[in-house]
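1. sequence first, predicted model second:
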Amino acid sequence: MSLEFLNAFKFQKKNTFVHNLDPRVKLLFSIVYSISALLFTEIVPLFIIFLTLIPFILLGRMIKEWIRSIRGLSFLVLLIIVLNTYFLSLGYAIAMIIRISIMITAFSIFFLTVHPNDLALSLVSMKVPYPYAFSFSLAFRFVPTIANEAQNIMDAQQSRGYEMEQKGMINQIKNLFPLLVPLIICSIKRAFNVAEALESRAFGSSNERSYYYTIKYKFKDWVLTFYSLCFFIIIIYIRIQFSLMPGWLTWELIV
Amino acid sequence: MSTEFPLILANDVGYTYPNGSVALKKVNLNIFRGDLVGIMGKNGAGKTTLIRTFNGLIRPTTGSIYINGENIKSKSVGALSQKVGIIFQNPQHQVFSNTIEEEIKFSLKSLNLNKKESQVRVDTILKNFDLDKYRERSPLNLSGGETKKLAVASIFCRNPEILIFDEPTLGQDAKEIEFFINLIKNERKNGKTIIIVTHNIEFAMEFIPRTILMADGQIIADGPTNNILNNEFLVNKTSLILPQVNQFNRALHDIGINCPQTITSKKKMIEFLIAYLKNKSNKGTGENF
């Protein structure tokens, strides 16, 4: 088992159309897509929503990272298929897989293209107090570090005979303790260290602060904002009028 | 070098991380039963990646590794960890149980020992590591050095044939280092094969007879530690610093005192200096030192 897929949420500096967009519009875009995915449980509309995300992946030149994130979800996909097919239906299971893929892809686009500092700036510009904005961006910046630590913990436990795969649900849950306890403890210790390091550099000593970099909404950001809002309105309209939609859109896999 | 079959044989081993960074390039290596080998090199040289390939945590992208003559390609990490025990740098990555005793017992779980055998092993290891007084204590309340001891104990109790230490002296005080040195000496006497990844050149010079030097994912030197760590070119290439005794030896040469290159330990250097000074005072040259 590898936590490599978490790297799909690690910012990568590139000079593309998507990377150069304002972080606020990308946040709006990701939220719109995630809510849209939650509005449907049918395969066809979900698949269409998913297809509309592909151009953004291509524009952001992040196909490799995106494939890695989707591949990393194979365990979750398997779990969704088994549980949903067993308790509900295969059609519902497929729809749920597409739904989770949309959400992961939308937020991959956001996290892969937004620098943690820009994230803090965008939150501050939305009137979020700086300490909270900074905490959020710090948490975001630590995702790959924690993933790396989790991998090290897994390696350390495996080298003393710990077996990842166990039979039975209870055993599988019990099996998480050797990974989660050290991970939580190391994370708490790191959080204290970071807090001390920040305080020793006078973080929070003054309420007024200036910013070396600033972010500004440009024409292309307005275009994407317009697209996101139109997309959302259309999706809501389709949801409300779903029973009146053409047959191919409301098609369901009955298995 | 021995003519027997190597216990660890790496044949053209290469590894590239999924992000495309090449960690190992055509590594060829023989380690024989009972060897004590040091792996040195600067950060990012591929040392940790190499040791992780020995118990299957990392599968080489090219080449193969043989343990005891068997290709480990199809062996699980669980099966390999019975033969190869790796003690990682950060002991905090292992501890999670309520008590130290349970922590050791967790390591024995996969060995399918009966209750009595398991208890005997736990008692012996806690005694050997001087941890029996903390038996009921939470491992989270131990000091850094004691947690390291516990991490080592939790691998030793499995009795693997090959023991690999990743930076065992890091963050340890002199007494703790001495404890590890004695431990390593004992295990070697018991026929264990020991590999130590370290940056501690004084430690390597004093206790490790063979050193493998790595740079940019390749082995650039493999041989007696004295020869390798006395080679200024190799030492500079791997961002290491010559041991103090060797630096002192060179300084003596620079001022015209012919100190033999074979003197690499503090004890021998002190003996040489005493003999040299006695000799000088007998001749009555009146030089000041």
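-> Yes, it's here.

2. where exactly do the helices run in the stretch 1-150 of chain B?
-> Along the stretch 1-150 of chain B, the segments classed as helices by DSSP state H, counting those that start in this stretch run B:47-54, B:77-80, B:100-108, B:115-128, B:144-156.

3. could you see whether chain A lies near the shortest one?
-> Yes. Where contact is defined by C-beta under 8 Å from any C-beta of the partner chain, part of helix B:77-80 touches chain A, namely B:77-78. Every residue, glycine included, has its C-beta placed from N, CA and C.

4. now do the buried residues in that helix.
-> For helix B:77-80, the neighbour count (16 or more other C-beta atoms under 10 Å in any protein chain shown) marks B:77-78, B:80 as buried.

5. flag every residue of the stretch 151-255 of chain A that's near chain B.
-> Proximity of the stretch 151-255 of chain A to chain B is confined to A:152-153, A:155-163, A:177-178, A:180-182, A:185-186, A:189 under the rule C-beta under 8 Å from any C-beta.

6. quick one: neighbours of the closest residue to B:Q261 other than its chain neighbours, just the number.
-> Of all residues not flanking B:Q261 in the chain, B:N230 sits nearest, at 6.6 Å (C-beta to C-beta, 6 or more residues apart in numbering or on different chains). Other residues near B:N230 come to 19 when the count uses other C-beta atoms under 10 Å in any protein chain shown.

7. and if you look at B:A215?
-> Residues near B:A215, counting by other C-beta under 10 Å, number 18.

8. hmm, back to that, between the buried residues of helix B:77-80, which is nearest A:K218?
-> Minimum distance to A:K218 across the buried residues of helix B:77-80 is 50.6 Å, recorded for B:V77 (C-beta to C-beta).

9. quick one: pLDDT of the closest one?
-> For B:V77, the pLDDT comes out at 88.

10. that one and B:G56 touch, don't they?
-> Yes. B:V77 is within contact range of B:G56, at 4.5 Å (criterion: C-beta atoms under 8 Å).

11. look up which residues are beta-bridged to the most centrally placed residue in chain B.
-> Ranked by distance to the mean C-alpha position of chain B (C-alpha atoms, centre = their mean), the top residue is B:I196 at 1.4 Å. Residues in a beta bridge with B:I196, per DSSP bridges, are B:G38, B:F165.

12. would you list the buried entries among the residues of the stretch 151-255 of chain A next to chain B?
-> When those are checked for burial by 16+ other C-beta under 10 Å, the buried set is A:152-153, A:155-162, A:178, A:181-182, A:186.

13. neighbours of B:N19, how many?
-> Close neighbours of B:N19, defined as other C-beta under 10 Å, add up to 12.

14. then A:A150?
-> Applying other C-beta under 10 Å, we find 21 other residues in the vicinity of A:A150.

15. repeat that for A:S108.
-> For A:S108, the count of nearby residues is 24 (other C-beta under 10 Å).

16. you'd agree it is in a strand?
-> No. Read with DSSP: H, G, I helix; E, B strand; the rest coil, A:S108 is helix and lies in no strand.

17. for chain B, see how far away it is.
-> A:S108 is 16 Å from chain B, where distance means C-beta to the nearest C-beta, to the nearest Å.

18. that residue reaches A:K64, doesn't it?
-> No. At 11.4 Å, A:S108 and A:K64 do not qualify as touching, with contact defined as C-beta under 8 Å.

19. now do the contacts for A:A133.
-> Applying C-beta atoms under 8 Å, 6 or more residues apart in numbering or on different chains to A:A133 gives the contacts A:119-121, A:123-124.

20. so which of those residues comes closest to chain B?
-> Of all the contacts of A:A133, A:L119 has the smallest distance to chain B: 22.2 Å, by C-beta to the nearest C-beta.

21. quick check: next helix or strand after the helix or strand that contains that closest one?
-> Using DSSP states H and E, A:L119 sits within helix A:116-125. Downstream of helix A:116-125, the first helix or strand assigned by DSSP H and E is helix A:130-141.

22. run the angle between that next one and helix A:116-125 for me.
-> Between helix A:130-141 and helix A:116-125, the angle comes out at 150 degrees (axes from the mean of the first three to the mean of the last three C-alpha atoms, to 10 degrees).

23. could you identify the helix or strand that succeeds helix A:130-141?
-> Next along the chain after helix A:130-141, taking DSSP H and E as the criterion, comes helix A:143-158.

24. what's the average pLDDT for that following helix?
-> 87.

25. and it, what does it pack against?
-> Helices and strands touching helix A:143-158, by 3 or more C-beta pairs under 8 Å, 6 or more residues apart in numbering or on different chains; DSSP states H and E, are helix A:177-200.

26. what does the stretch 101-250 of chain B put close to chain A?
-> The interface of the stretch 101-250 of chain B toward chain A, taken as C-beta under 8 Å from any C-beta, is made up of B:106-111, B:140, B:151, B:154-155, B:158.

27. let me see the contact set for B:L29.
-> Contacts of B:L29 (C-beta under 8 Å, 6+ apart): B:8-10, B:13, B:50, B:212, B:219, B:222.

28. among those, who's most crowded?
-> If you rank the contacts of B:L29 by neighbour count (other C-beta under 10 Å), B:L50 sits at the top with 28 neighbours.

29. that one and B:V27 touch, don't they?
-> Yes. At 6.3 Å, B:L50 counts as touching B:V27 under the criterion of C-beta under 8 Å.

30. which neighbours do those two share?
-> Common neighbours of B:L50 and B:V27 (C-beta under 8 Å, 6+ apart) are B:10, B:13.

31. which stretches in the stretch 1-150 of chain A count as strands?
-> With DSSP state E, counting those that start in this stretch, there are no strands along the stretch 1-150 of chain A.

32. where does it dip in pLDDT?
-> Filtered on pLDDT under 70, the stretch 1-150 of chain A yields the residue ranges A:1-9.

33. A:T250 sits in which helix or strand?
-> Using DSSP H and E, no element contains A:T250; it sits outside every helix and strand.

34. count residues in the vicinity of it, would you?
-> Neighbour count for A:T250, taken as other C-beta under 10 Å: 14.

35. got the contact list for it?
-> Neighbouring residues of A:T250 by C-beta under 8 Å, 6+ apart: A:42, A:44, A:242-243.

36. wait, doesn't B:S76 sit right on B:G56?
-> Yes. If you go by C-beta under 8 Å, B:S76 and B:G56 touch, sitting 6.8 Å apart.

37. looking at the two, which is more packed in?
-> Comparing B:S76 with B:G56 by neighbour count (other C-beta under 10 Å), the higher total belongs to B:G56, at 23 against 13.

38. please enumerate the strands of the stretch 1-150 of chain B.
-> With DSSP E, counting those that start in this stretch as the criterion, the stretch 1-150 of chain B has strands at B:8-16, B:22-31, B:36-41, B:62-67, B:70-71, B:84-87.

39. how far does the fourth one sit from the chain's center?
-> Pointing back at strand B:62-67 there. Distance of strand B:62-67 from its chain centroid, counting by C-alpha atoms, centre = their mean, to the nearest Å, is 21 Å.

40. got the CA coordinates for it in PDB?
-> In PDB, the C-alpha atoms belonging to strand B:62-67 read as follows (Å, rounded to 0.1, in the frame of the first residue of the first chain):
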ATOM      1  CA  THR B  62      15.800  -2.900 -12.500                       C
ATOM      2  CA  GLY B  63      18.200  -5.700 -11.400                       C
ATOM      3  CA  SER B  64      17.700  -8.200  -8.600                       C
ATOM      4  CA  ILE B  65      18.500  -8.900  -4.900                       C
ATOM      5  CA  TYR B  66      19.300 -12.300  -3.500                       C
ATOM      6  CA  ILE B  67      19.100 -13.000   0.200                       C
END
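
41. understood, closing this out.
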